[in-house]
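A.B. asks: Could you look at this predicted model? Sequence included:
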Amino acid sequence: MRKIYTILLILSFAVASAQVEGTWKLAPQAAALGVGPALGDISWWANNEADLDIRACHFDDLYVLDEDGTFMNVQGDETWLEAWQGVEQDGCGAPIAPHDGSNPATWAYDSESGDLTVNGLGAYIGLAKVYNGGELTSPDDAVESIIYPVTMSENGDTMKINIEIQDGAYWHFVLVKDDASFVSENNLVKMQVYPNPATDVITLTNSSDLRNLQIFSIQGKLIYETDQVEQTVDVSNLPAGIYTLRATGKDDKGYIAKFVVE
């Protein structure tokens, strides 16, 4: 009986983590982020509909919780910057270290407490300045780890976070799973590539079985395609980030792999 209970417990943890993992972004709606004096109260400030355009560089940021436990902030050319980061005024601009996704980071989820922990200098979800117990006043004060208490929707496509920044003050974030996916991963066969992370080339374990190959950025942009599949693929010209490789086999099956370029 104890063995069965242990197996069920492990399976429940795996299911919970699988629900949290994926690529997330702020929900494109009013009150997707806000702050207030109590849990669930965002009366001090909350974004409105106009902010979806004003802060477009913020609402398209991606928070990637990969199945291998790696975490990544993907911000593109611009993200939302605030005065504490050294800019003259709040607005869109080039990401500023260490909150630019340049440092390696990981994530872990505790299904019992509902806590999502992001580890890595400058890694964050929702808003760069927010951490457990306060708000940053300088990029030099970036923390190594943040715990986000989360509540998941029943269907697993919405994540709500309420993080306490001081006694009687909470930030609230609503995130949704990124629906701009470039491919459906259902019924695709996972394939292995190595090394992963990579710097110069990746090697395909089943290259002889493939008849074409595509590589997509995390935003879903096709950046490489070939019908002449070789055992190794040159990735030295790709910016650091997370990529998805998709291929079609000679048996017409679809194959998929995720890899990181450092």
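C.D. replies: Okay, I see it.
A.B. asks: so how far is residue 206 from residue 256?
C.D. replies: Going from residue 256 to residue 206 by CB to CB, to the nearest Å gives 12 Å. C-beta coordinates here come from the backbone N, C-alpha and C atoms, glycine included.
A.B. asks: Please enumerate the shared neighbours of these two.
C.D. replies: Common neighbours of residue 256 and residue 206, using CB atoms under 8 Å, 6 or more residues apart in numbering, are residue 191.
A.B. asks: where does residue 218 land on pLDDT?
C.D. replies: For residue 218, the pLDDT comes out at 73.
A.B. asks: In contact with it, which residues are there?
C.D. replies: Neighbouring residues of residue 218 by CB under 8 Å, 6+ apart: 23, 62, 64, 72, 74, 241, 242, 243, 244.
A.B. asks: Which one of these is nearest to residue 216?
C.D. replies: Residue 216 lies nearest to residue 244 out of the contacts of residue 218, by CB to CB, at 4.8 Å.
A.B. asks: what is the closest residue to the closest one other than its chain neighbours paired to in the beta sheet?
C.D. replies: Nearest non-adjacent residue to residue 244, counting by CB to CB, 6 or more residues apart in numbering: residue 216, 4.8 Å away. Beta-bridge partners of residue 216, counted by DSSP bridges, are residue 222, residue 244.
A.B. asks: What is the burial count for residue 216?
C.D. replies: 18 (other CB atoms under 10 Å).
A.B. asks: you'd agree it is up against residue 222?
C.D. replies: Yes: using CB atoms under 8 Å, residue 216 makes contact with residue 222 at a distance of 5.7 Å.
A.B. asks: what about the stretch 51-200 of the chain, any weak spots by pLDDT?
C.D. replies: Along the stretch 51-200 of the chain, segments meeting pLDDT under 70 span 179-187.
A.B. asks: one more time with 80
C.D. replies: 76, 179-188 (pLDDT under 80).
A.B. asks: As JSON lines, the contacts of residue 218 with distance to residue 140 would be great.
C.D. replies: Output for the contacts of residue 218, formatted as JSON lines (distance: CB to CB, whole Å):
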{"residue": "23", "distance to residue 140": "29"}
{"residue": "62", "distance to residue 140": "25"}
{"residue": "64", "distance to residue 140": "25"}
{"residue": "72", "distance to residue 140": "22"}
{"residue": "74", "distance to residue 140": "23"}
{"residue": "241", "distance to residue 140": "25"}
{"residue": "242", "distance to residue 140": "27"}
{"residue": "243", "distance to residue 140": "31"}
{"residue": "244", "distance to residue 140": "35"}
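A.B. asks: who wins for most neighbours among those?
C.D. replies: Neighbour-wise, the contacts of residue 218 (other CB under 10 Å) top out at residue 72, 24 neighbours.
A.B. asks: which ones are touching that residue?
C.D. replies: Shown in contact with residue 72 (CB under 8 Å, 6+ apart): 62, 63, 64, 66, 101, 105, 218, 241, 242.
A.B. asks: how about a cut-off of 6 Å?
C.D. replies: 64, 101, 242 (CB atoms under 6 Å, 6 or more residues apart in numbering).
A.B. asks: Residue 242 too?
C.D. replies: Shown in contact with residue 242 (CB under 6 Å, 6+ apart): 64, 72, 218, 260.
A.B. asks: what about residue 203, which SS state?
C.D. replies: strand (DSSP: H, G, I helix; E, B strand; the rest coil).
A.B. asks: rewinding a little: tell me if I'm right that the residue nearest to residue 244 and residue 241 touch.
C.D. replies: No: in this structure residue 216 lies outside contact range of residue 241 using CB atoms under 6 Å: 11.0 Å.
A.B. asks: returning to what we had before: ok, the contacts of residue 72 vs residue 154, which is closest?
C.D. replies: Once CB to CB is applied, the member of these that ends up nearest residue 154 is residue 64, at 23.1 Å.
A.B. asks: From residue 224, how far off is that closest one?
C.D. replies: Going from residue 64 to residue 224 by CB to CB gives 20 Å.
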